[in-house]
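Participant: Need a 3D model of the sequence below.
(4 chains)
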There are 2 protein chains.
Amino acid sequence: MITNWEDIRAEVLRRIRTRFWLPGAVIPTEEALAHEFGCARATVSRALRELAGAGVVERRRKSGTRVALHPVRKATLAIAVTRLEVEGRGQAYGYHLIEAVLAVAPVAVISKLGLSLGSEWLHLRCLHLADGVPYLAEDRWLNPSVLLDPSPDFAIISANEWLVSHVSYARGDIAFSAASATQGEAEMLDVPIGAALFIIERSTWGEAAPITWVRLAYAPGYRLHTAV
Amino acid sequence: MITNWEDIRAEVLRRIRTRFWLPGAVIPTEEALAHEFGCARATVSRALRELAGAGVVERRRKSGTRVALHPVRKATLAIAVTRLEVEGRGQAYGYHLIEAVLAVAPVAVISKLGLSLGSEWLHLRCLHLADGVPYLAEDRWLNPSVLLDPSPDFAIISANEWLVSHVSYARGDIAFSAASATQGEAEMLDVPIGAALFIIERSTWGEAAPITWVRLAYAPGYRLHTAV
DNA sequence: TATATTATTATGTCTGCACATAATATCATT
DNA sequence: AATGATATTATGTGCAGACATAATAATATA
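Facilitator: So this is what the prediction gives:
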């Protein structure tokens, strides 16, 4: 008797991983499993739904549930506000605003956010520190119209942290890549020009207009990881 | 009247993103929302549970549901089998086995998988191509005891693809980082030594013993991205 | 034979109810 | 004032039943 959806999920996962049910094979119906485990169909359904969300099984009406043939590993990364990420490791967080100017956004940013040409945005360059050591170089373009009156002081609070608690957004996009350190990044992070850096680029849109585009260049050694 | 959990999730998300409910604020109870929307409590519960899973709200018994103060963006990356990733973009997939030898695993691998010192593992080096261009250099250490009899021919099928359909695993770990191309990687990918590469490292364990450790070095230009 | 039409099936969703559980508030006791 | 017992509250889980929906199979029709 298993009447707990987490235990059922574990048992089904066990049968898949031990290859009792092979990749591509159809597993018993919800009703059959509910009967076997001595629980309600809804409970089995909950367990299988979670496994489908994790990419372990694929489900289709009428045809049933089958073990995923090519398990798309869904790695879920938790991307926190930088300050909390650093403090969460027990390190002291530091933050410096390097530059904040109104300027015409470069074409790369314009095209990614779909801006009109020649529009002036706020350009921020900042450095985040962990235990006093350069941790992350931030290069951000920010739609000035989202700034409230009075405008926040980005020398004190990081744009990221201010944005998440003051500006509503509708959708966003995150990309991960690797790049060689530019001269500016090399200076900020105190590494040689050309060093391999881990890059996160984010675009964020509000309901009507784009909000911000940011490139985060992490100091060498940075790793994002997750259990599967 | 909203009696559909996805619509309820959308409506709650709208209220949060339009800052009708502010970060940190407690939102109405499931029962109150169910009454407002004219649906059952379970339906609201389902919607809020999904939002909690996405990191948008935080829920605690007795205290209720509140809008996440520091929304940990949970970026879910879909990591497919390389062949399907390439073919999914409409490119021709190519695969070459460079080397396959039994050898003593280096300390870095031993420590990551918790192997006993001096054990001989199968060392594979392979190159994956997209439209004939080097795409990914793979450096893999594989526990020879997982190989069935007859042993698969890794000159024809990639280890990744063979493993997902032939070996059961219990848990794994994925890490993303950036690194400068080693001499071997530079040769395989046809890039200068020191070029910034996107790196994925994976460790996989079976129920009892470790199965494999692999380092995937992607050619410059590779990006992983996801909508939020 | 090819093409609609209809039945069947397994998952997807919603409801109303019950009880479990964790966190908090309240109150009595020392 | 500090401590401990008790009540209250909101979420967490489970159940049985109903109907919706998508995909497939079976059947009838041109």
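Participant: Check whether A:S151 sits in a helix, strand or coil.
Facilitator: coil (DSSP: H, G, I helix; E, B strand; the rest coil).
Participant: For the residue nearest to the spatial centre of chain A, which non-adjacent residue is closest in space?
Facilitator: The centre of chain A sits closest to A:I79, judged by Cα atoms, centre = their mean, with a distance of 4.9 Å. The spatially closest residue to A:I79, leaving aside those adjacent along the chain, is B:R73, at 4.5 Å (Cβ to Cβ, 6 or more residues apart in numbering or on different chains). C-beta coordinates here come from the backbone N, C-alpha and C atoms, glycine included.
Participant: next one: A:R14
Facilitator: A:F20 (7.9 Å).
Participant: helix or strand for that neighbour, which one?
Facilitator: Using DSSP states H and E, A:F20 sits within no helix or strand.
Participant: what separates it from DNA strand C, distance-wise?
Facilitator: To DNA strand C, A:F20 is 17 Å away according to Cβ to the nearest atom of the strand, to the nearest Å.
Participant: That residue and A:V12: what is the separation?
Facilitator: Separation of A:F20 from A:V12 (Cβ to Cβ, to the nearest Å) stands at 10 Å.
Participant: Between those two, which is the more surrounded one?
Facilitator: A:V12 (25 against 13; other Cβ atoms under 10 Å in any protein chain shown).
Participant: In contact with that one, which residues?
Facilitator: By Cβ atoms under 8 Å, 6 or more residues apart in numbering or on different chains, the residues touching A:V12 are A:27, A:33, A:47-48, A:51, A:57.
Participant: so does the strand or helix carrying it get close to DNA strand D?
Facilitator: Per DSSP H and E: A:V12 is located in helix A:5-17. Yes. Using Cβ under 7 Å from any atom of the strand, helix A:5-17 reaches DNA strand D at A:5-6.
Participant: helices or strands next to the next helix or strand along the chain from that helix in the packing?
Facilitator: Counting by DSSP H and E, the next helix or strand C-terminal to helix A:5-17 is helix A:30-37. Helix A:30-37 is packed against helix A:5-17, helix A:41-53, with contacts defined by 3 or more Cβ pairs under 8 Å, 6 or more residues apart in numbering or on different chains; DSSP states H and E.
Participant: can you rerun that using 7 Å?
Facilitator: When contacts are defined as 3 or more Cβ pairs under 7 Å, 6 or more residues apart in numbering or on different chains; DSSP states H and E, helix A:30-37 packs onto helix A:41-53.
Participant: Only the buried residues of the helix it packs on, if you could.
Facilitator: Across helix A:41-53, burial judged by 16 or more other Cβ atoms under 10 Å in any protein chain shown covers A:43-48, A:50-51.
Participant: next one: stretch A:192-200
Facilitator: Buried residues in stretch A:192-200 (16+ other Cβ under 10 Å): A:194-200.
Participant: how about these in CSV, adding distance to A:A155?
Facilitator: Formatted as CSV, those follow (distance: Cβ to Cβ, whole Å):
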residue, distance to A:A155
A:G194, 30
A:A195, 27
A:A196, 30
A:L197, 25
A:F198, 26
A:I199, 25
A:I200, 23
